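[1] the amino acid sequence is not available; the structure is as follows:
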DNA sequence: CCCCTACATTGACTTTTGTCAATGAGCATG
DNA sequence: CATGCTCATTGACAAAAGTCAATGTAGGGG
């Protein structure tokens, strides 16, 4: 189970990090040079043999975070204000989200991952960890090559970082006809994947916008003419590829019927659902997603948190229905 | 929720460990000296705001560990051979056990802790972690002051290290008469604690020996005259203060009936049960504990692992009943 | 209001760690 | 069997982190 080349890395990591020996002491004990020890330790950190993580409490203790938790009944909210590196909190959302996500994933979990620019950025910012028995499952169908943020790559990358196995959908996200989509959904190999989503312990996803330059358009899943059409029908956002209205329910349109993706009941059956909102333009989609009870945990910027509270304060008080 | 003094420590930890800034960069950003940053970072590590942990895979990949897993059907076994600091693996068992235990504890878990010299040593070796919503419950009654390894201290220390809340038994471990023990067990506050044990997600315990210098004797729970008596009845070991025979069942004796401790069905109802065996003299007690299906996970020395396999190889093959 | 104590912070120094070009070892190929 | 390749390892230097005595500061008591 442990390659002999890794053995020495594990030993060095154990002596250095757990026992607190200095690098030269570790070197002496293992009969190698100190430079090698330094090298091994770096490899140990990079591959998740050693785990270093900072608490994300800082972002939960923000006043806005507390207010959102109270107001909407979320289990936990992380708000990114001015704490970060740059003056632009948006850029650091993926880093925070990656930390939060890693904190939430437990050994043996089955994790559902939907796709989006942000999810891809999170995968990229995530450090390697050595979890046991984790499975990462894709929550929606795939897109062809023209676009670089492919859903399956996203899933696989996250799986790789967690030392987990990844389960991809062997189907496109959108098909040409409703009939073909229906037939495909009933294929055993697809059916199985769809049914497996409700059995996840944790989900990671974003809500998408519906503009000319939003993700679903740019990646070619949705055409501009079709966009105009569904916007007339009241489309407000995108969840795992599917279009939702302002009430958070699946919009009744051909596009949605031609889709292979997790159905909303399955998503809501997942006990912990982490939504990450990066861009400040996503207020409307986020409101729709909240209305649809898609999330139990939320990561967002302070600006967005403020907009959300402003908007919610104006409306009537909600009874905070967090879990399905 | 976050004391203002801790805020700066969190910020420094976040910038340094998550974003990978250098200490002087962190210092500049926070308008403090680099020396302060170094100080805060140390505090962050010591208080669990930052978590650094090395994988324990090294000890699971040992040949002996695999054989034990196969032979007895344990979920996981960690074997400590010559990997450590000193030539005495026994001394390092608590360190390894602490790492393993921390790997096993998840946010929100309810953890049962039994007591023993080894459990105390584990508590001592455990690094601080910042877990959310963990509860540590004591699995047996308490002993008075004369002895320093008090069960309640043990529970509380582990709770402290995990940032968890601790639940102690408000009762002695052994009483003078069977009748008093019976009455006390029915007291609501005690009953509640006893009933709560089966609801644990994880248990940490040792098996004790029954010699003149073993723990139960030294701490005054059991007298020498009584020891001789129960040994005649076939006593082989101690689980959470209670005497078991070679079949792992509760020994039918007055001592056991005067005891306030977790009943065995409750213990076996806990899904993950980590047993740690430190001393090489515990072969007989360990065999009895295995027979009683008290453990699903095991940490022990290579020497002990060998004895165990030798002994088991001689006997007939067991069907490996790991879980209750 | 002043003094004293206890603790936080810092600058300067020492120790430890990271890095990289140079070397060596293993291995497949011509 | 020599050759050229890749990759692991190392020694020496540069960079970063740890430490501690000295200084500053806040708070409590007389």
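    That came through, no problem. For clarity, every value in this text was computed on a predicted model and none was experimentally measured. Numbering: from 1, shown residues only, chains lettered A, B, ... in the order given.

[2] tell me the residues on chain A that lie near DNA strand D, please.
    Within chain A, the positions near DNA strand D by Cβ under 7 Å from any atom of the strand are A:5, A:32-36, A:39. Bear in mind the C-beta positions are built from the backbone N, C-alpha and C, glycine included.

[3] filter these to the buried ones?
    Buried residues within those, counting neighbours by 16 or more other Cβ atoms under 10 Å in any protein chain shown: residue A:36.

[4] just the ones of the residues of chain A next to DNA strand D in helices?
    Counted as lying in helices by DSSP state H, out of these, are A:5, A:34-36, A:39.

[5] which member of the residues you listed is positioned nearest residue B:238?
    Using Cβ to Cβ, residue A:5 is the member of those that sits closest to residue B:238, with 43.2 Å.

[6] rewinding a little: pull the most distant pair out of the residues of chain A next to DNA strand D.
    Across the residues of chain A next to DNA strand D, no pair lies farther apart than A:5 and A:34, at 19.1 Å, counting by Cβ to Cβ.

[7] what secondary structure does the residue nearest the centre of chain A sit in?
    Residue closest to the average C-alpha location in chain A (Cα atoms, centre = their mean): residue A:204, at 3.1 Å. Here residue A:204 is recorded as strand under DSSP: H, G, I helix; E, B strand; the rest coil.

[8] on the pLDDT front, check it for me.
    pLDDT, residue A:204: 97.

[9] surely it meets residue A:118?
    No. With contact defined as Cβ atoms under 8 Å, residue A:204 does not reach residue A:118; the gap is 9.8 Å.

[10] and which of the ones in helices among the residues of chain A next to DNA strand D is nearest to DNA strand C?
    Nearest to DNA strand C out of those is residue A:35 (Cβ to the nearest atom of the strand; 3.8 Å).

[11] quick one on the thing from earlier: quick check: neighbours shared by residue A:204 and residue A:118?
    Residues touching both residue A:204 and residue A:118 comprise residue A:276, with contact defined as Cβ atoms under 8 Å, 6 or more residues apart in numbering or on different chains.

[12] rewinding a little: and the residue nearest to the centre of chain A, how close does it get to residue A:5?
    Using Cβ to Cβ, to the nearest Å, residue A:204 is found at 32 Å from residue A:5.

[13] run a quick neighbour tally on residue A:142.
    Per other Cβ atoms under 10 Å in any protein chain shown, the neighbour tally for residue A:142 reads 20.

[14] pLDDT score for it?
    Residue A:142 is assigned a predicted lDDT (pLDDT) of 86.

[15] in the lowest-mean-pLDDT helix or strand in chain A, which residues are buried?
    The weakest-scoring helix or strand in chain A, judged by mean pLDDT, DSSP states H and E, is helix A:215-218 (a mean of 83). The neighbour-count check on helix A:215-218 (16+ other Cβ under 10 Å) flags A:215-217 as buried.

[16] what about the helices in the stretch 1-150 of chain A?
    Along the stretch 1-150 of chain A, counting by DSSP state H, counting those that start in this stretch, helices occupy A:4-13, A:23-30, A:34-47, A:57-60, A:63-72, A:89-104, A:117-125.

[17] are the fourth one and chain B in contact anywhere?
    Yes. Figure legend: helix A:57-60 in contact with chain B (Cβ under 8 Å from any Cβ of the partner chain); contacting residues A:57-58, A:60.

[18] so what touches that helix?
    With Cβ under 8 Å, 6+ apart, helix A:57-60 has contacts from A:65, A:76-80, A:83, A:96, A:299, B:1-2, B:7, B:10-11, B:14, B:49, B:130.

[19] quick one: distance of it to the chain centre.
    Offset of helix A:57-60 from its chain centre (Cα atoms, centre = their mean, to the nearest Å): 19 Å.

[20] now stretch A:24-39
    39 Å.

[21] are it and DNA strand C in contact anywhere?
    Yes. Stretch A:24-39 reaches DNA strand C (Cβ under 7 Å from any atom of the strand) through A:24, A:34-35, A:38-39.

[22] span of that stretch from start to end?
    Using Cα to Cα, to the nearest Å, the end-to-end distance of stretch A:24-39 comes to 13 Å.

[23] pLDDT on it, on average?
    Average pLDDT, stretch A:24-39: 91.

[24] again, but for stretch A:254-268
    Rounded mean pLDDT across stretch A:254-268 is 95.

[25] contacting residues around that stretch?
    A:112, A:114, A:139-141, A:169, A:171-178, A:180-182, A:184-185, A:190, A:194-195, A:197-198, A:203, A:222, A:226, A:230, A:239-243, A:249-250, A:273, A:292-294, A:324.

[26] please redo it, this time with the cut-off set to 7 Å
    A:139-141, A:169, A:171-175, A:177-178, A:181, A:184-185, A:190, A:194, A:197-198, A:203, A:222, A:226, A:230, A:240-243, A:250, A:292-294, A:324 (Cβ atoms under 7 Å, 6 or more residues apart in numbering or on different chains).

[27] span of it from start to end?
    End-to-end distance of stretch A:254-268 (Cα to Cα): 23 Å.

[28] that stretch: which residues count as buried?
    Within stretch A:254-268, the residues scored as buried using 16+ other Cβ under 10 Å are A:255-256, A:258-264, A:266-268.

[29] who touches stretch A:290-300?
    Stretch A:290-300 has contacts (Cβ under 7 Å, 6+ apart) with A:68, A:72, A:74-79, A:93, A:96-97, A:100, A:239, A:244, A:246-249, A:264, A:267-268, A:272-277, A:289, A:321-324.

[30] weed out the non-buried ones from those.
    Buried by 16+ other Cβ under 10 Å: A:68, A:72, A:74, A:76-79, A:93, A:96-97, A:100, A:239, A:244, A:246, A:248, A:264, A:267-268, A:272-277, A:289, A:324, out of the contacts of stretch A:290-300.
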